[in-house]
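Return atomic coordinates for the entry below.
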Amino acid sequence: MLIYSHPDCIRHETPDGHPERSDRLRYLLRHLSDTGFTQDHLVAEASPIEAAQIDRAHHPDLLKRLAESGTESGLTPLDPDTWMGPSSMSAALQAAGSVWQGVNDVVAGPETRVFCAVRPPGHHAEFDAPMGFCLLNSVAIAAINALNLPSIERVAILDFDVHHGNGTVDLCRKHPEILVCSSFQHPHYPHRFHDLVAPNIVNTPLDAGTSGDMFRRAIANSWWPAIEAHQPDLILVSAGFDAHRADPLAQINLVEADFAWVTAEIVALANQFAQGRVVSTLEGGYDLQALSESIIEHLNALKSHI
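You can find the predicted model right below:
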């Protein structure tokens, strides 16, 4: 299994007290080292995503507007939640580039599993707008570009972040080759596209207080039949861990074992339909200990049955 990250993803700054902070990634990488995980799975750097690849997914003006919003010092708000600093543009390009490199790795082989320890997250970024801590939608960019690869006809994006993947739905809803499954607390941020009806969109709302057993039943009833019908050649995972019971931004009661379960099920489906190909990227998760411990379980399940 390959792991991608980049120092600029730590250098991306947000204001003091902001939940999507550099310590998320700094703590995670230290935890991977302290637990010995990176002794067997080294952390590498990918090239930044190219403008042409971004433009296949996002509005052609978005990249220009983001670049113009960057500063050489200080922070610029794009909305009340989303900020740009001196390293933010590079971090977003590296995050998207890591996911795209992961796609190329699993398609070329022999690697079949990749995890991208990157930030800022991406799944809220819509066609023409950053939002919700997100600048570029890394998974949607990767999925749309993957359709140009000879061996990829269908892609599935599976998003278990506690917030709805509105941006991913927005970018992919007109691409029937891309199945998007998103589970999320409802009602909750971002209140956009959560009720969109389309053959390739599976929205799985969860009530506040949802337990692990309830989550597993909801996923099994809505996601697995859709994936079996779609038969993807590649699975991308928007891996948010803010549905953990310790997370401060939501009220879903998952624990590490639930993330291990959903990941193991995804791996089994990838082995059945996608030659084992899974590329996962970090989205949310704001309690540092819960985030890091959940990711260890996610990675252990990802690397199983390779």
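
Find the nearest non-adjacent residue to residue 106, please.
Spatial nearest neighbour of residue 106, chain neighbours left out: residue 277 (4.1 Å); criterion: CB to CB, 6 or more residues apart in numbering. For glycine as for every other residue, the C-beta is placed from the backbone atoms N, C-alpha and C.

Secondary structure element holding residue 92?
Counting by DSSP states H and E, the element that carries residue 92 is helix 88-108.

which element follows that helix toward the C-terminus?
Downstream of helix 88-108 (by DSSP H and E), the next one is strand 113-116.

And that following strand, what does it pack against?
When contacts are defined as 3 or more CB pairs under 8 Å, 6 or more residues apart in numbering; DSSP states H and E, strand 113-116 sits against strand 2-4, helix 88-108, strand 278-282, helix 288-303.

What mean pLDDT does that strand get?
Average pLDDT, strand 113-116: 98.

Which strands or helices does the next helix-or-strand element following it pack on?
Next in sequence after strand 113-116, counting helices and strands by DSSP H and E, comes helix 138-146. When contacts are defined as 3+ CB pairs under 8 Å, 6+ apart, helix 138-146 sits against helix 51-55, helix 88-108, strand 155-159, helix 166-172, strand 234-239, strand 278-282.

Going by neighbour count, list what's buried in the first one.
Neighbour-count burial for helix 51-55, with 16 or more other CB atoms under 10 Å as criterion, is recorded at 53, 54.

ok, now the second one?
Taking 16+ other CB under 10 Å as the neighbour-count basis, helix 88-108 is seen to contain the buried residues 88-103, 105-107.

To residue 218, which of the helices and strands packed on strand 113-116 lies closest?
helix 288-303 (18.4 Å; CB to CB).

what distance separates the start and the end of stretch 5-22?
13 Å (CA to CA, to the nearest Å).

before we move on, back to that, mind putting the helices and strands packed on strand 113-116 into a markdown table with distance to residue 24 and mean pLDDT?
Output for these, formatted as a markdown table (distance: least, CB to CB, whole Å; pLDDT from 0 to 100):
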| stretch | distance to residue 24 | mean pLDDT |
| --- | --- | --- |
| strand 2-4 | 16 | 97 |
| helix 88-108 | 12 | 98 |
| strand 278-282 | 8 | 99 |
| helix 288-303 | 6 | 98 |
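
Columns distance to residue 18 on top of these, output as JSON lines?
As requested, those are exported to JSON lines (distance: least, CB to CB, whole Å):
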{"stretch": "strand 2-4", "distance to residue 18": "24"}
{"stretch": "helix 88-108", "distance to residue 18": "12"}
{"stretch": "strand 278-282", "distance to residue 18": "16"}
{"stretch": "helix 288-303", "distance to residue 18": "14"}
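
nearest to residue 225, of the ones you listed?
Of all these, it is strand 278-282 that lies closest to residue 225, at 19.1 Å by CB to CB.

which other helices and strands contact the strand or helix carrying residue 268?
Using DSSP H and E, residue 268 falls within helix 256-273. Judged by 3+ CB pairs under 8 Å, 6+ apart, helix 256-273 is in contact with helix 212-230, strand 234-239, strand 278-282, helix 288-303.

quick one, which of the ones you listed is nearest to residue 72?
Distance to residue 72, taken as CB to CB, is lowest for strand 278-282 among the helices and strands packed on helix 256-273, at 27.2 Å.
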